[in-house]
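A.B. asks: give me a model of this one.
(one chain, ligands or ions: 2)
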Amino acid sequence: MDDETKKQKKREYYLAHREEVLQKALKYKEAHREEVNTKARAYHASRRDKANQKRRAYGALHREELNAKQRAYNAAHKDILREKTKIYGKELRRREKVEVLRRYSSEVPTCACCGESIIEFLCIDHINGNGNAHRKEIGLSRGQKMYRWLKQNNYPTGFQVLCWNCNTAKGLYGQCPHQREK
Ligand SMILES: [Zn+2]
Ligand SMILES: [Zn+2]
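C.D. replies: Ligands and ions are numbered 1, 2, ... in the order given. Reported below is the predicted structural model:
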């Protein structure tokens, strides 16, 4: 019997006894679960390795061509790419800010003085009013770096959320006029 005939016979057998064959395979799988899983994992890992090797080999062989293509694409989409990077960076900074504000306020961050809740209006206030000195001490400018510093230092106490209005007024007059009215 040649290979083709063998294959054909196998196919015919399978079609005639499909239910039986599947049941047997299932039983075998259940009885040898660990072994089957290990084999499957090894199979997939080797397939993955092969695919990666192929990709790397292709990349090495066509490096110049691929680089040129990438450069051409970047040049043709310069404005869109720049805009995308800008939007992405803005979104990241906003997320970082909201994350920090939440820690010093609540789920919906609000100004501790007047209750303002528009994120763009909110900032972090040094409760004791030594903001400039503290910023100098830790070597940071105003703004984004401050949020990062608070996060990296595990949200130390002594800070609160205020809006720019209340924060500036507090800095100028030592107390926000809102507090005087109360
Ligand atoms: Zn306020
Ligand atoms: Zn206020």
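A.B. asks: skipping adjacent residues, who's closest to Ala112 in space?
C.D. replies: Taking C-beta to C-beta, 6 or more residues apart in numbering, and ignoring the residues beside it in sequence, Ala112 has Gln160 as its nearest neighbour in space, at 4.7 Å. (Glycine included, C-beta is placed from N, CA and C.)
A.B. asks: same for the helix or strand hosting the one you found, what does it pack against?
C.D. replies: Secondary structure assigned from DSSP states H and E places Gln160 in strand 159-163. Using 3 or more C-beta pairs under 8 Å, 6 or more residues apart in numbering; DSSP states H and E as the contact criterion, the elements in contact with strand 159-163 are helix 78-104, strand 122-126.
A.B. asks: any idea which of those gets closest to Leu15?
C.D. replies: Taking C-beta to C-beta as the measure, these were each checked against Leu15, and helix 78-104 came out nearest at 54.1 Å.
A.B. asks: check whether the closest one comes near ligand 1.
C.D. replies: No. In terms of C-beta under 5 Å from the ion, no part of helix 78-104 sits within range of ligand 1; the closest distance is 12.8 Å.
A.B. asks: how many residues are close by the closest residue to Arg94 other than its chain neighbours?
C.D. replies: Spatial nearest neighbour of Arg94, excluding adjacent residues (C-beta to C-beta, 6+ apart): Ile119 at 6.9 Å. Taking other C-beta atoms under 10 Å as the criterion, the count of residues near Ile119 is 13.
A.B. asks: for ligand 1, see how far away Ile119 is.
C.D. replies: When C-beta to the ion, to the nearest Å is applied, the distance between Ile119 and ligand 1 equals 13 Å.
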